[in-house]
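[1] Need the 3D shape of this:
(4 chains)
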4 protein chains.
Amino acid sequence: MAPSSLLAPAVAAPLTTTLLARYRAVRQQTEALCRPLLPEDTVVQPMIDVSPPKWHLAHTTWFFETFLLAAHQPNYQVFHPDYAFLFNSYYNSLGSRVNRADRGTLSRPALDEVYAYRAYVDAQMEELLRTQFGAEQTPPESFAMLLELGLQHEQQHQELLATDIKYILSTSPLAPAYLPASSDAPATTTSLLPATWLPVQGGVYRIGYEGSDFCFDNEQNPHDVYVADFALQNRLVTNAEYLEFMEAGGYRDFRYWLGEGWELVQEQHWQAPLYWVRQDTGWFRFTHHGLRPLEPAAPVTHVSFYEADAYAHWAGARLPTEQEWEIAARQFQPEAAAGTFLESRSFDPQPLPADAAPDQCHQLLGDAWEWTYSAYHPYPGYARAAGALGEYNGKFMLNQLVLRGGSCATPESHIRLTYRNFFHPDKRWQFTGIRLAR
Amino acid sequence: MAPSSLLAPAVAAPLTTTLLARYRAVRQQTEALCRPLLPEDTVVQPMIDVSPPKWHLAHTTWFFETFLLAAHQPNYQVFHPDYAFLFNSYYNSLGSRVNRADRGTLSRPALDEVYAYRAYVDAQMEELLRTQFGAEQTPPESFAMLLELGLQHEQQHQELLATDIKYILSTSPLAPAYLPASSDAPATTTSLLPATWLPVQGGVYRIGYEGSDFCFDNEQNPHDVYVADFALQNRLVTNAEYLEFMEAGGYRDFRYWLGEGWELVQEQHWQAPLYWVRQDTGWFRFTHHGLRPLEPAAPVTHVSFYEADAYAHWAGARLPTEQEWEIAARQFQPEAAAGTFLESRSFDPQPLPADAAPDQCHQLLGDAWEWTYSAYHPYPGYARAAGALGEYNGKFMLNQLVLRGGSCATPESHIRLTYRNFFHPDKRWQFTGIRLAR
Amino acid sequence: MAPSSLLAPAVAAPLTTTLLARYRAVRQQTEALCRPLLPEDTVVQPMIDVSPPKWHLAHTTWFFETFLLAAHQPNYQVFHPDYAFLFNSYYNSLGSRVNRADRGTLSRPALDEVYAYRAYVDAQMEELLRTQFGAEQTPPESFAMLLELGLQHEQQHQELLATDIKYILSTSPLAPAYLPASSDAPATTTSLLPATWLPVQGGVYRIGYEGSDFCFDNEQNPHDVYVADFALQNRLVTNAEYLEFMEAGGYRDFRYWLGEGWELVQEQHWQAPLYWVRQDTGWFRFTHHGLRPLEPAAPVTHVSFYEADAYAHWAGARLPTEQEWEIAARQFQPEAAAGTFLESRSFDPQPLPADAAPDQCHQLLGDAWEWTYSAYHPYPGYARAAGALGEYNGKFMLNQLVLRGGSCATPESHIRLTYRNFFHPDKRWQFTGIRLAR
Amino acid sequence: MAPSSLLAPAVAAPLTTTLLARYRAVRQQTEALCRPLLPEDTVVQPMIDVSPPKWHLAHTTWFFETFLLAAHQPNYQVFHPDYAFLFNSYYNSLGSRVNRADRGTLSRPALDEVYAYRAYVDAQMEELLRTQFGAEQTPPESFAMLLELGLQHEQQHQELLATDIKYILSTSPLAPAYLPASSDAPATTTSLLPATWLPVQGGVYRIGYEGSDFCFDNEQNPHDVYVADFALQNRLVTNAEYLEFMEAGGYRDFRYWLGEGWELVQEQHWQAPLYWVRQDTGWFRFTHHGLRPLEPAAPVTHVSFYEADAYAHWAGARLPTEQEWEIAARQFQPEAAAGTFLESRSFDPQPLPADAAPDQCHQLLGDAWEWTYSAYHPYPGYARAAGALGEYNGKFMLNQLVLRGGSCATPESHIRLTYRNFFHPDKRWQFTGIRLAR
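    This next block holds a predicted model:
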């Protein structure tokens, strides 16, 4: 695999049967996520970052149609000639497209049509796999990698679906639940593992993906970095801890804030994380299960980088760099990770058991994306792939910050310690949380 | 009827049965209009003037709930406590509400819920009519007038539904048809009644509503006006005539335009009326029946006031004032009006038969709203009604222009020669057309 | 002079000497207005409606250069080839130009250069008058009319200079005075002529300019109008009366306001007329003479149409139409008008003497521009002049309202009862006031 | 000096006389820069990043008044009570202030008043230095450091003055020259030192300021970093080289660009660096000396980060990180630096002599600010100072990129190899250039 490619080599090319099974599983997972929605829910775009679920369903399908079927299936007929215009996200290489801000103005194609599109592409993909690379044959590595990329891409959109659905439903004063809550009265955790500092000795460390499974091109090129002595906290900051910051006037004191963050606090009248609602009986949060009382011991989520950084200032600490995060995570990772992940359908990070080992680093994967104070820039030696896939990651490498760890909306098979997610510092609609360093 | 009331007295208070029949007919007409829509179509708001059909369905229902049931039905329980916030349009008297620009961000309540809301309110209205004002009793005049206002209000939203649905479907490159076209190949009219000038002698005339049926408060207070000699054209400007203006460079020559109109032409890159599409085989228009070839003899529609005025300049004429329009319309109205109206489900104004009488004024009602060069200001003696209904018309009496005549999307029982519609001069999504004066 | 021309015929063509004297007087008046300014004051544009004084000085000069010298002076050399781009205001016929919003970003040409430009053009104009139309000769009528138009145009910019200078100086917290106040402690008027209603009988009246001196094309075409019985107040609304409205909660009650006005009140946080400042000792206003205590008996000024209309609602009255205003003004005009006008350099309308005749209509000319509830539309028969001068008035005839009467910043020789000024309804930086009708 | 302080300790506290001399020199340098300006030039703000020169003159003075006189001069009377509101730049600790975007709307205080303000503060500063810390006495180190900070701050504004003046004059079509050109026909360089790569071996290096003179808090905390093998070019990219990129279609091919940069190229219609003007005879640039032909061998300037990065992509290279830049600069710095600096009044970087040593790193200081691909984030251990000065640097440490090296508008005594300048990636009005790495 050339260093400029988008993804790392898959170890051994899996057999067609394995590929097919994985293809089906991922594609069905997406549809399962959308099953609780009404057609009306799949159309709207209440803010520019949120895409209509119908669009996600179609765009992930367009990805397979464009990068696999059109390229490898002889005489492939596209499902509809206008869909490339409608469902291309951001690939300049592939022509013009609907403005991102206008995705929510389109009622057509209807949801049923989009499901028909998925079925058509799935059938073609199965045929391609079976006829081109039948039981005896193994698809070429480049094909397998593109397929894997398509599936990883769809998993990324599964997380976006989960967070976009939450935002969409939150805009209604009716506070509709996406799923019924598992129990009416969740036992509120009363004890909590105290936060401790896990010390890491300064020196040269290697970071970046070194395995042989799939990874994205932005985590490739393992390389050495030097870090000074530092310490990372063994768990995420909780809702109760964040509430202390709020009650101490954190949102009213410019001294804790970066300049552009402070402007935003005032313009947007931020006074709490996204989805927090103050009611007579206390604080509530809008969740996938409707409006629920705040769980004090659970990790705080839906904070922007600015809020995470201001909290850290107030707490006398700071946010880690992505290098520090990866180094400490490798050293202190518990044997059994306990994140909740997308598959659990909890869509809410859980409190850490009070009896967790205090000298391990908990809640690393599958709870909340952890803001780092590292700009999303290329790793040394990074080069964009040729063609449209070169637009996948590389062109976003400015003005965004790296987040590590994956959230309760991340598919478990999609995440790893070297994974680099990235968002602009003002974004709050993802499950973004805080881990302190010093 | 106090001069400050919103509507003129209905002659004789109709019987409960009559009221009930009319109530049912209007309410069902609204639902019939929405029947061809998918749930997805009822949610989106592709521009601020367009409201989601679901919102229209609910808002008209909220009107009856608020102004009739809550006021007259003892112990009335509202269907849902949040609906007043969701479905109030612009009544400051009735509290805060969803921002107009955000109507398309709400997926809930679902369409089914909105239909349930309509059914609930309809049942309550029927009960109110039956129990309060049973067979023997006649409802008080004030109640009958409010009911009539609710129905006229719903008819106004029927027209908006028709034009908003057209706009919503037009945003898709798929150009979906709201209804199948009545015939695949409409016979294109080849001959056309020549435009002639109908002369009116100057003098003092009386304008405004003088009958005893329903009218809006803005057309009340019949009063004298003086007009000089003028002439009005006997038919509307056609697509073919407007195309001549375009081909003569009308959109590129500032001399025909008002200053603010010329700025708009450049900012918005206007080159044709809304919905016109140039294809290899000629001009097409997006219609309720999909993309259709331009019918040269049909009245031009979907032009802004600026375009209507520029066309008139180019043609060496001008637009009439609303007084001139009403005076000439009364003099030259043909015995049998031949508009298409909403009920025809044509949603497209038809060409005028070539054998129509040249000395009558055709296409007055039910073809296109005709821009006048009259500001929408109060008639002499106008006063706003007390309470929330005082916000119905009065507060809009600035910065808009009067349109007369009704369009192919206006319910036939809703329109009359004294009717004053009003829009800002840049609006084009209504069936707005041009009649010349000099 | 064709009726479609921009200006009415001047009776007898004045002699060259007269023309020259008038030319000099008007041009010097403009420079006298700018004399108290620092170079810094002549450059800035604190809001889009306000033009830098340097720009006014140059633009009025460009008008003579373009419409008179370039057309009539053989081999005329323009002062600088870029000035047409810099100092054209809005004439599309004359090519591209600096964006209006960017007039305040240009420091060059310097003020001295602009004065040199004026001197150059003045010398050329004098030469043109002397050599072309020497003592014995009379310039052709068309030339005399263009010259008169140039002078009237410059007088309009004198008023704009006065109001723009006020706005520019007002933006500084230092509250600098343009001129020293005539006296430190102006005697506050204690008695005031009570407002009375002057009744006018309904019927057909003639309005529009009928004389033989200069007038603008928008007041030409005298024509009949019909008005019903009405009454106009004999004086303008005072600061004290307006303050009552404010203290009665006028700015907090949407019922008095037009819809778009109410939105503006909230967006702009309007709580008083422009320039009013609340201090510990009471209300002050920023004036050309610095911050001065509110004079209760003086006419209220610097109110938008929305405020004037809301005040009238609150007072149980309404604003007059421009036809009513002109008809009543002709009937009740006092023999000796007593406005303050630009020439007085008071730049503040004065209280009406308490012993003024109660049955005359006072403060008609030279106090405040009086908002009418009439859209600025063309009079019957109006047609734009050919060429660039056709852009002078005609293209603005939409979305603005007519104001009558002239203000304390209007040159006295510039104003008359038929004069039609026009502004958008939200504008407040002119000396705009209120006269009630009913 | 505590690590949280804004500036590093000055080695030996200089004597009062030395301080006084330096104070006078810096202050006079600022006024010398403004001497060629007209009062009109000192007022305008043609875009938000540019401040009026008058504002710079006053703001730097306010800095001394606020941080030194008010704190150390007993009974100090401020020059004017409103100046703190007018001339505070961005210190929330010090109260409200004029919106940054409105700096160009203020004509008062006049330029003369601002010079009077400077004279007043200078006199007070001299008195403070003489009476408080007379000849025998040495001011306390904290005072000396604040004074030095005030002077360094003023030097930063000298550079801003130079670049803001250039921008202000550039907005006029008259293309006025700030200074006459030194010669009418500058000898165009025909030969040019070829670009070579200076290789640096990977490993752990120390970066950050380690001396004992003044430095800013953002370059403090020397610390180790690890870099892999890399190479830096021995000179800056020239105008001729950049022109090749343009002629190769660089501004039309999205593949070279970061996503947000490509959007900007299209929105702003960028086709060349700022100030480049295409004329019949070739490319020109607007300079402090008016419009001048492009000097092919001179370093390209006035490019945004996006353009620098796109150029590097096109050239098959990349931009260096700030660590790489500092490491290589220390290794390959020529004995005699040859930048032009502010003091030379050239305000234009010069071509590199063709006989310069190819294995040294030229044009490091005093030619152009060199974009690095490093986010402006805090160095390890950085902490904001307490009080208002904590707002000096720290709150800007997000969303900006580090630039190294200083430009032809940087005062020579102000710059060093560890200096970290920072701008948003879209800014072009500074002398920003390109040095390649690989």
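[2] which residues sit against the lowest-mean-pLDDT helix or strand in chain A?
    Across the helices and strands of chain A, the lowest-confidence element by mean pLDDT, DSSP states H and E is helix A:70-72, at a mean of 91. The contact list for helix A:70-72, computed with C-beta atoms under 8 Å, 6 or more residues apart in numbering or on different chains, reads A:76, A:78, A:128, A:132, A:143, A:146. No exception for glycine: its C-beta is placed from N, CA and C like everyone else's.
[3] Show me what secondary structure element comes after it.
    helix A:83-87 (DSSP states H and E).
[4] Contact residues of chain A facing chain D?
    A:90, A:92-93, A:204, A:223-226, A:228, A:254-255, A:257-262, A:305, A:373-375, A:377-378, A:380-381, A:390-391, A:395-399, A:425 (C-beta under 8 Å from any C-beta of the partner chain).
[5] Quick one: the strands in chain A, in order.
    A:197-200, A:203-207, A:223-227, A:230-233, A:276-279, A:282-287, A:290-293, A:369-375, A:401-404, A:421-423, A:432-433 (DSSP state E).
[6] picking that back up, from the contacts of helix A:70-72, which would you call buried?
    Neighbour counting with 16 or more other C-beta atoms under 10 Å in any protein chain shown marks A:78, A:128, A:143, A:146 as buried within the contacts of helix A:70-72.
[7] From chain D, how far out is the closest residue to the second one other than its chain neighbours?
    Nearest non-adjacent residue to A:Leu128, counting by C-beta to C-beta, 6 or more residues apart in numbering or on different chains: A:Gln73, 4.9 Å away. The spacing between A:Gln73 and chain D, counted by C-beta to the nearest C-beta, to the nearest Å, is 27 Å.
[8] tell me the contacts of A:Gln73?
    Contacts of A:Gln73 by C-beta under 8 Å, 6+ apart are A:124, A:127-128, A:132.
[9] try A:Leu111
    Per C-beta under 8 Å, 6+ apart, neighbours of A:Leu111: A:39, A:42-43, A:54, A:57, B:40.
[10] What does the pLDDT read for it?
    For A:Leu111, the pLDDT comes out at 98.
[11] What does the pLDDT read for the residue nearest to it when sequence neighbours are not counted?
    Distance criterion C-beta to C-beta, 6+ apart; nearest residue to A:Leu111, sequence neighbours excluded, is A:Pro39 at 4.6 Å. A:Pro39 is assigned a pLDDT of 98 by the prediction.
[12] I'd assumed A:Pro109 was in contact with A:Pro39.
    No: applying C-beta atoms under 8 Å as the test, A:Pro39 and A:Pro109 come out as separate, 11.7 Å apart.
[13] out of the two, which sits in the busier spot?
    A:Pro109 (24 against 21; other C-beta atoms under 10 Å in any protein chain shown).
[14] Find the closest residue to chain D in the stretch 51-200 of chain A.
    A:Asn92 (4.4 Å; C-beta to the nearest C-beta).
[15] For that residue, which residues are in contact?
    A:391, D:254-255, D:262.
[16] JSON lines for the residues you listed, including pLDDT, distance to chain B and neighbour count?
    Shown next, in JSON lines, are the contacts of A:Asn92 (pLDDT from 0 to 100; distance: C-beta to the nearest C-beta, whole Å; neighbours: other C-beta atoms under 10 Å in any protein chain shown):
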{"residue": "A:Glu391", "pLDDT": "90", "distance to chain B": "23", "neighbour count": "21"}
{"residue": "D:Phe254", "pLDDT": "96", "distance to chain B": "23", "neighbour count": "18"}
{"residue": "D:Arg255", "pLDDT": "96", "distance to chain B": "27", "neighbour count": "16"}
{"residue": "D:Trp262", "pLDDT": "97", "distance to chain B": "22", "neighbour count": "19"}
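[17] Can you spell out the domain ranges of chain A, please?
    Here the domain parsing of chain A from automatic domain parsing is A:17-170, A:197-433.
[18] Between which two of the contacts of helix A:70-72 is the distance greatest?
    A:Val78 and A:Phe143 (19.4 Å; C-beta to C-beta).
[19] Now tabulate the contacts of A:Gln73 in CSV and tack on distance to C:Arg318.
    Formatted as CSV, those follow (distance: C-beta to C-beta, whole Å):
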residue, distance to C:Arg318
A:Gln124, 71
A:Glu127, 77
A:Leu128, 76
A:Gln132, 81
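[20] which among these gets closest to chain C?
    Among these, and counting by C-beta to the nearest C-beta, the member closest to chain C is A:Gln124, at 53.4 Å.
[21] re the thing from before, who are the contact partners of the residue nearest to A:Leu111?
    Contacts of A:Pro39 by C-beta under 8 Å, 6+ apart are A:110-111, B:38-40.
[22] repeat for A:Ser172
    Counted by C-beta under 8 Å, 6+ apart, A:Ser172 has contacts B:106-109.
[23] Any residue of the longest helix anywhere in chain A touching chain B?
    As assigned by DSSP state H, the longest helix anywhere in chain A is helix A:141-170. Yes: with C-beta under 8 Å from any C-beta as the measure, helix A:141-170 is seen reaching chain B through A:168-169.
[24] Quick check: the gap between A:Thr138 and chain C.
    Taking C-beta to the nearest C-beta, one finds A:Thr138 at 65 Å from chain C.
[25] measure the residue in chain A that chain C sits nearest to to A:Tyr306 for me?
    Using C-beta to the nearest C-beta, the closest approach of chain A to chain C is made by A:Glu267 at 15.1 Å. The gap separating A:Glu267 from A:Tyr306 is 12 Å, by C-beta to C-beta, to the nearest Å.
[26] rewinding a little: for the buried ones among the contacts of helix A:70-72, could you give me CSV that also reports pLDDT?
    Below are the buried ones among the contacts of helix A:70-72 laid out as CSV (pLDDT from 0 to 100):
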residue, pLDDT
A:Val78, 97
A:Leu128, 92
A:Phe143, 87
A:Leu146, 93
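[27] Which of those sits closest to chain B?
    Once C-beta to the nearest C-beta is applied, the member of the buried ones among the contacts of helix A:70-72 that ends up nearest chain B is A:Val78, at 13.9 Å.
[28] In this structure the closest one contacts A:Thr61, no?
    No: taking contacts as C-beta under 8 Å, A:Val78 lies outside contact range of A:Thr61: 11.1 Å.
[29] returning to what we had before: which one of the strands of chain A is the most hemmed in?
    strand A:432-433 (a mean of 28; mean count of other C-beta atoms under 10 Å in any protein chain shown).
[30] residues in contact with that strand?
    A:236-237, A:299-305, A:308, A:349, A:367-371, A:403, A:407, A:423.
[31] mind running it again at 7 Å?
    The contact list for strand A:432-433, computed with C-beta atoms under 7 Å, 6 or more residues apart in numbering or on different chains, reads A:236-237, A:299-303, A:368-371, A:403.
[32] partner strands of it, parallel or antiparallel?
    Here strand A:432-433 is paired, per DSSP bridges, with strand A:369-375 (parallel).
[33] orientation of the partner strand relative to helix A:141-170 in degrees?
    110 degrees (axes from the mean of the first three to the mean of the last three C-alpha atoms, to 10 degrees).
[34] Strand A:369-375 - what's its average pLDDT?
    Per-residue scores along strand A:369-375 average to 98.
[35] now the end-to-end length of stretch A:66-85.
    Stretch A:66-85 has an end-to-end distance of 12 Å (C-alpha to C-alpha, to the nearest Å).
[36] what comes up buried for that stretch?
    Of the residues in stretch A:66-85, A:66-69, A:72-73, A:78-80, A:83-84 count as buried by neighbour count, 16+ other C-beta under 10 Å.
[37] What of stretch A:377-394?
    A:377-380, A:382-385, A:389-394.
[38] Relative to A:Asp217, how far out is A:Arg235?
    A:Arg235 is 31 Å from A:Asp217, by C-beta to C-beta.
[39] Give me the more crowded residue out of these two.
    Between A:Arg235 and A:Asp217, counted using other C-beta under 10 Å, A:Asp217 has the larger neighbour count: 26 against 23.
[40] Perfect, that will be all.
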